[in-house]
Structures are given as C-alpha cells and as structure tokens.
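S.K.: Fold the following, please.
(chains A and B)
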Amino acid sequence: MKELVVISGKGGTGKTSLTAAFAALAENRVLCDADVDAADLHLLMAPEIKTRTDFIGGGIAEINPDKCTRCGLCREMCRFSAISKDFIVDAIACEGCGVCVDFCPEQAIDFPAQVCGQWFVSDTRYGPMVHARLGIAEENSGKLVTLIRQQAKKLAQEQNLDLIITDGPPGIGCPVIASIGGATGVLIVTEPTVSGVHDMERVAQLAAHFNIPAMVCVNKYDLNPDQTTAIEKIAEQQGILFVGRIPFDPVFTKSMIQGKNIIEYGNGSKPVEAVTQIWKAVSRQLDNAR
Amino acid sequence: MIISVASGKGGTGKTTVATNLVVSIGEGAQLLDCDVEEPNAHLFIHPDIDSVETRYAPVPEIDLDKCTYCRKCAQICRFNAIAVAGETVLVFPELCHSCGGCMAVCPEKAISETGRELGVIEKGRKNGIGFVHGRLKVGEAMSPPLIKQVRACAEPDKFVVIDAPPGTSCPVIAAMKNTNFVLMVTEPTPFGLHDLKLAVEAVKVLNIPAGLVINRADIGDDGVKDYAKAENLPILMEIPFDRRIAEAYSQGKLAVEVLPEWKARFVKLHDQIKSLAV
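M.R.: I've put the predicted structure just below:
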C-alpha cells in the first residue's frame, strides 16, 4: 500500500484543490484529510458520513471550589499561568500537564478527559474518505492526524485499496510531522513567490529530516516565471523530483464554488492538462517506491 | 495596543495585510511575525536584523548518581516524556511540555532542567518600524512555546501587529490570546468562508473584537459578505484581485510600494482598528 501526502509549507497554494483532482484521476484510493485544523477537502467531496467518533484528548484541570482552601500551591506550580487569583482554571491556557492535580494537598482538582473533536469515515464518489474536525482552540492536532491516518490505512487494507491520498496541513510543526511520518512520498505544492520558495525550502528540509522522498510542483507558475525557474533549480539541487507547473486560472475557484474538482468541472482547460501530467509523474514515482 | 492578523485558511493574505499595515503606519509600529513555522514577513519588510538569539524550552535532565529509579517522574508525566525501565531512565525531550512536574515530584532532587532548542528569534528595524520574528527549528513539533517568546518581545507603547499562523488550534490561540483586536483576512471562496467561520469561533472563545479584510474580493461568490453581515462582523477593507499586487508580492514587494494609493487606505484601516479595539 502506498500513501501520498500533499503538503506545502505555505498555506493557500492549492493542496486541497490538487488532492481533490488526484482523487478523480486515481483508482482504488482512500482519501484522508489530515488538515484537521481547517479541513476543506469535504467541501469538494460531498462525503456521506457513515461513522462519527469522538476524539478524546488529554485532561484539563478543574478546581472543585468546595474542597479548595485557596492555599495557592497550584497557582505557584502552574507554568502556564492557567489558574486565576479566584482559583478558576483557564481551559484555553491549561496545558493538561496535571501538575496541579497531583500536588493539590486537598485533592480538590479534577482532571476530566476532554472531547477535543470528532473524526468521520465517509463514502464519496471517489471511494472512502477519513476526515476529522478538531475542536476550536484545541491541542493534540498531531494525535488526531495520527489517528485518522491509521484509520485510512485500516480502511485501505479492509477494502483492498492500494493507495491513500492525504491532504496535509500547512506549516512544518506538529500536525505536519504527524502527517508525513512513514508516508511513501510527499508532494510539495508551492507558488512562484518569495514566500512560496522560502516555505517550500523549509518543508522540504522537514521531509528530508524524516527521510520521506519529496516531489514538488508549482501552482500559478505564470505569475512569476523567474521564481518558477528558481524553484526548479532548488528542486534539482536538493534531489527533489520536479513534477510540473500549473498555470494560473480562475477554473480552480469556479470549480470550488460548484463543489467540484477541476477534472470534473474544468474539462479541456490548461490546468486540467497540467494536473493530469503531474498525477502521471507522481503515480509513476509512487509505483517505483518500495 | 496589540492586534493580531489571523485567517483560519492559509494563503488568504495575512502577511500582505500585516506588512502593508505596519509600513503605512511607519514610525511607532512594531511587527511580530508569529507564524514561526513559516515566517514570511521579513521577505517584504527587509529588516536590518541586529540580534539573533537561539531559544530553548526547559526539559528534564536526570542525575543518575542521585536517581533511585522510583518512577515518580514517569508517573506524573502526562506526555510520556520520561520512561523508567529497571535501572534505565529514558527522557524524550521532544515530547516534553516543560511543565516541571518531574522536577517537582522527584524526592531525590535528581532532576534539573536543560534546554531543547526551539529555534531562533531575530530582531531588527526598518525605517522606524520594529521587527521580530521566530523561526522554528525544522523538526521541532511544538510552535506555541516559541510563539509565546516572540510575543514577549512586544513593546507595549507601540502599535503592535502580530502576523498569526493559519488554523484554529493552539498555535493560533497563542498568537491571538490577550490582543486588543483581531483582523481577520479571508478570500470570498467556499474554502475561505468555511475556515473563516472556524476562526471567528476561535475569536469568540477568546472574546476579542474582530473586523474583516476581504482579499481578492472579486474572485469568488457572496458567501463571505452574507456571513459577515449575519455575524455583524464589520468589513474594514476589500482588496480586489490585481495582477500588479500579485506580481509585486511574488517578488517580495509591498502593495503600497507599487500602488501608493493603497497607503491612505491602510492608514484608514489603522484608524478603524483603533476605534474598534478594546
């Protein structure tokens, strides 16, 4: 079984639009939306949710005012300034370390596990999809990403599907690290801007750090052809396979508004041709990977 | 006053708005780039960097001469950052949240703190504008500790603008918490709207007043405007899609450099923010 993770470093370069297009071009695939913070893939997939499961994260401190003697030890020990002068826990500031719980001489602090979000297994017109919604202002996004990737793998095994296409989150931090570990390959979608180049280099370093083979493509390449050339050079120097360039075209936004991917909506347009070629190069690379 | 520029969805124009705003204000403004995973503001401000400091998060170090392998440290750690097996103590610094629990619980005082490198903080200036950003070390998972350290560089007498990371979880919260105003930047597309709603929910949790900038305002549909109206979210600025702005951005230039008429609009935006902030 192979897993492709689509990442970018910089947000808004077109990860989800490309993932959705790949879903239409691939066969025998499971889709996975690992951008649990701001998941958008479902907006193009119209998933029919089959199962819905709570995601239980860590605990959060809760002070029982009847038992609390206001000794102040918890406030002294909390490194996250999460306990107010009135001995009320700020649930957003609370890191869930439980130090206050363990040290309270009155055992006045509870530590209930929190429902931090939900994850879903759905059917789509392109096969099964695993996705999730992390609760607002929650932590543990990495754990939720790991969980839904495991579920996608399980689903692929059960249904004898040999490819997982994962839409990754932006950045290089915890959810991205959780998204790429153990993947067959990552596709970095970038744009020909100073930010796009800067962020691509950092996320490529991250992939190299975890020994994940990387590929790169440039979206909206004609906004700045010089930067596109620069990206191709960087890719070549760093041993990253350059898989193609996609022209700037309003068809991406138009198809998004229709809840469609560009393969369905943009028939005959230049980006469709480019994305189809990119998919061929990517799947060839995945096939050759061990 | 301290404000944050946030969005939910990535790539909507947070950095564009934050950098053009501080440059339009000029002297007396300070920009804190808190998107420490992928900081970009420096590519447009071109600050003269005058200090680079490596920053650390405290993590435990065990003195094995004192350790009696009682396992209390492993038991208190909710992040599985310490394991004790027989006469071996394993510390996993990358899992540590720096709560200090192990150090406090150790009966032998065998635990002290050393540092796990988070990345660097770079400070500089440009034309009277203060500039600070954090650069998370590649491979480091946790961005909030470094974001908090960038926040600590805010100069309270300045008009401080925080360029926040995308998303709605802990890194964004670390960047938005305890600010006087959140300027949300979105684009009028289904993805922009969906993620804007999530970001607005996060701002509500924090109870901070907010206003909206619609970027590439003419590319999509009316969903964002309808939502803003229903939510009483004031639309403070609309930036149309303009290939000149996009090309300037691609080269590391500001909109106010290539289209100077935008400077007055950003100054007006600054005035509106001051009247809406708490």
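
S.K.: Show me what from the stretch 101-250 of chain B comes close to chain A.
M.R.: Contacts of the stretch 101-250 of chain B with chain A, taken as CB under 8 Å from any CB of the partner chain, map to B:101, B:104-105, B:136, B:138-143, B:165-171, B:173, B:177, B:189-191, B:194-195, B:198, B:201-202, B:205-206, B:219-221, B:243, B:246-247, B:249-250. Placement of C-beta: from N, CA and C, glycine included.

S.K.: can you give me the helices for the chain?
M.R.: In the absence of a named chain, this looks at chain A. A:15-25, A:42-45, A:73-77, A:99-103, A:141-158, A:174-180, A:194-209, A:225-237, A:251-257, A:262-265, A:270-288 (DSSP state H).

S.K.: not quite, I wanted chain B
M.R.: B:14-25, B:42-45, B:72-76, B:101-105, B:144-151, B:170-176, B:190-206, B:223-231, B:243-250, B:255-258, B:261-276.

S.K.: can you put these in CSV and add mean pLDDT, mean neighbour count and distance to A:P213?
M.R.: Formatted as CSV, those follow (pLDDT from 0 to 100; neighbours: other CB atoms under 10 Å in any protein chain shown; distance: least, CB to CB, whole Å):
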stretch, mean pLDDT, mean neighbour count, distance to A:P213
helix B:14-25, 98, 25, 30
helix B:42-45, 98, 22, 28
helix B:72-76, 97, 20, 36
helix B:101-105, 98, 21, 38
helix B:144-151, 98, 23, 28
helix B:170-176, 95, 27, 27
helix B:190-206, 96, 22, 28
helix B:223-231, 97, 16, 38
helix B:243-250, 94, 18, 28
helix B:255-258, 96, 19, 38
helix B:261-276, 97, 15, 43
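
S.K.: could I get those as TSV with distance to A:E62?
M.R.: As requested, the helices of chain B are arranged in TSV below (distance: least, CB to CB, whole Å):
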stretch	distance to A:E62
helix B:14-25	35
helix B:42-45	42
helix B:72-76	18
helix B:101-105	18
helix B:144-151	22
helix B:170-176	19
helix B:190-206	17
helix B:223-231	31
helix B:243-250	47
helix B:255-258	48
helix B:261-276	34
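
S.K.: Quick one, which of those helices gets closest to A:I83.
M.R.: helix B:101-105 (14.8 Å; CB to CB).

S.K.: Identify the residues contacting the closest one?
M.R.: A:77, A:97-99, A:102-103, B:60, B:72-73, B:75-78, B:82, B:111-113 (CB atoms under 8 Å, 6 or more residues apart in numbering or on different chains).

S.K.: Among those, name the buried ones.
M.R.: A:77, A:97-99, A:102-103, B:60, B:72-73, B:76-78, B:82, B:111, B:113 (16 or more other CB atoms under 10 Å in any protein chain shown).

S.K.: What is the nearest of these to A:V145?
M.R.: Among these, and counting by CB to CB, the member closest to A:V145 is B:R78, at 19.4 Å.

S.K.: How about the contacts made by the nearest residue to that closest one once chain neighbours are set aside?
M.R.: Closest residue in space to B:R78, ignoring its immediate chain neighbours: A:G98 at 5.0 Å, by CB to CB, 6 or more residues apart in numbering or on different chains. Neighbour list for A:G98: A:59, A:61, A:111, B:76, B:78, B:101 [criterion: CB under 8 Å, 6+ apart].

S.K.: measure A:G98 to B:H133 for me?
M.R.: Distance of A:G98 to B:H133, computed by CB to CB, to the nearest Å: 33 Å.

S.K.: do B:R216 as well
M.R.: B:R216 sits 25 Å away from B:H133, going by CB to CB.

S.K.: neighbour-wise, which of the two wins?
M.R.: Neighbours per residue, other CB atoms under 10 Å in any protein chain shown: of B:R216 and B:H133, the larger number sits with B:H133, 25 against 21.

S.K.: Output the set of residues of the stretch 151-290 of chain A in proximity to chain B.
M.R.: Residues of the stretch 151-290 of chain A lying near chain B (CB under 8 Å from any CB): A:169-174, A:176-177, A:191-196, A:198-199, A:202-203, A:205-206, A:209-210, A:223-224, A:227, A:250, A:253, A:256-257, A:259.

S.K.: Can you give me the domain boundaries for the chain?
M.R.: In the absence of a named chain, this looks at chain A. A:2-56+A:118-288, A:61-111 (automatic domain parsing).

S.K.: That was the other one, I meant chain B.
M.R.: With automatic domain parsing as the reference, chain B has domains B:2-55+B:118-276, B:64-109.
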